[in-house]
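Q: here are the coordinates; sequence isn't available:
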Ligand code: G3P
Ligand code: CA
């Protein structure tokens, strides 16, 4: 039997609720996500949950997020009447009911701001093993690791490096997060030989989930945690 997958609700549960909103996070938990993945940008003294640099796709605002005041951002509709949440609001909602993977999406003090926030959360009792920070921007991720080494980091990759998973080892990461377009068994095996978990984004098709389980990966980021949970249960029952 394949080993079980950990299910990460991608931007909450993007197939079912507005992404990176409190409703999305609540929906991800309800549908059975073990962890939630969010995108975070630092601006105007806050950490905003937002994937794009611009507002048009996911809100009724226009232009770049970082050209708006906090008050303007708080007034926007992020879908179904949801607001753009802050990291603090997201963590208050989650209340440790799921793990939290925070992806750094800006490079302007985001790492330090997230580290400050998590330092406080950990001091208040948030379990370390339910936190991870990831990024495609490795210097920013490195800055986070220097600021708060006790929190696990995951290296995001959208390709297959010449030296396979070596970068994740060099960064002191615990996991390598790869695109489903670049799933290569050699990369998976090299990561595992280095003691890294391998997580794949973004996987919504049950047949693809089963194939990835057979390849021995450790987790998937999915827009549809309920489908993933059902696929996992079906595989367990076999
Ligand atoms: O963290 C996995 C995945 O979210 C990375 O890609 O573009 O969806 O943020 P993206
Ligand atoms: Ca993301």
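A: That came through, no problem. Treat the numbers as computed from the prediction; the structure is a model and nothing was measured. Ligands and ions are numbered 1, 2, ... in the order given.
Q: quick one: name the residues of the protein near ligand 1.
A: Contact residues, the chain versus ligand 1 (CB under 6 Å from any ligand atom): 10, 37, 39, 51, 103, 134, 156, 177, 201, 221. For every residue, glycine as well, the C-beta is placed using N, CA and C.
Q: repeat that with 8 Å
A: For the chain, the contact set with ligand 1 under CB under 8 Å from any ligand atom comprises 8, 10-11, 37, 39, 51, 101, 103, 105, 134, 136, 154, 156, 158, 177, 179, 199, 201-202, 221.
Q: list only buried entries from those residues.
A: Among those, the ones that count as buried by 16 or more other CB atoms under 10 Å are 8, 10-11, 37, 39, 51, 101, 103, 105, 134, 154, 156, 177, 199, 201-202, 221.
Q: the residues of the chain next to ligand 1 also near ligand 2: which ones?
A: With CB under 5 Å from the ion as the criterion, the residues of the chain next to ligand 1 include 39, 103 near ligand 2.
Q: the buried ones among the residues of the chain next to ligand 1 in strands, which ones?
A: Those of those mapping onto strands are 8, 10, 37, 39, 101, 103, 134, 154, 156, 177, 199, 201, 221, per DSSP state E.
Q: ignoring the adjacent residues along the chain, who's closest to residue 191?
A: Closest residue in space to residue 191, ignoring its immediate chain neighbours: residue 165 at 3.9 Å, by CB to CB, 6 or more residues apart in numbering.
Q: can you classify the residue lying closest to residue 108 once chain neighbours are set aside by secondary structure?
A: Nearest residue to residue 108 in three dimensions, chain neighbours excluded: residue 42, at 5.8 Å (CB to CB, 6+ apart). Put simply, residue 42 is strand when judged by DSSP: H, G, I helix; E, B strand; the rest coil.
Q: thought residue 42 was touching residue 115?
A: No - counting by CB atoms under 8 Å, residue 42 does not reach residue 115; the two are 11.1 Å apart.
Q: which residue of these two possesses the greater neighbour count?
A: It is residue 42, of residue 42 and residue 115, that has more neighbours when counted by other CB atoms under 10 Å, with 22 against 19.
Q: need the contact list for that one.
A: 48, 106, 108, 109, 110, 113, 114 (CB atoms under 8 Å, 6 or more residues apart in numbering).
Q: taking the residues you listed one by one, which sit in helices?
A: 110, 113, 114 (DSSP state H).
Q: now distance to ligand 2, pLDDT and neighbour count too, for these, in JSON lines please.
A: Converted to JSON lines, these look like this (distance: CB to the ion, whole Å; pLDDT from 0 to 100; neighbours: other CB atoms under 10 Å):
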{"residue": "110", "distance to ligand 2": "13", "pLDDT": "98", "neighbour count": "24"}
{"residue": "113", "distance to ligand 2": "17", "pLDDT": "98", "neighbour count": "22"}
{"residue": "114", "distance to ligand 2": "14", "pLDDT": "98", "neighbour count": "25"}
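Q: need those in CSV (columns: distance to residue 82).
A: Formatted as CSV, the ones in helices among the contacts of residue 42 follow (distance: CB to CB, whole Å):
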residue, distance to residue 82
110, 22
113, 22
114, 22
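Q: closest to residue 92 out of those?
A: Of all the ones in helices among the contacts of residue 42, residue 114 has the smallest distance to residue 92: 15.7 Å, by CB to CB.
Q: dump the residue contacts of the closest residue to residue 51 other than its chain neighbours.
A: Spatially, and ignoring its direct neighbours in sequence, residue 51 is nearest to residue 39 (4.3 Å; CB to CB, 6+ apart). The contact partners of residue 39, taken as CB under 8 Å, 6+ apart, are 11, 20, 49, 50, 51, 103, 105.
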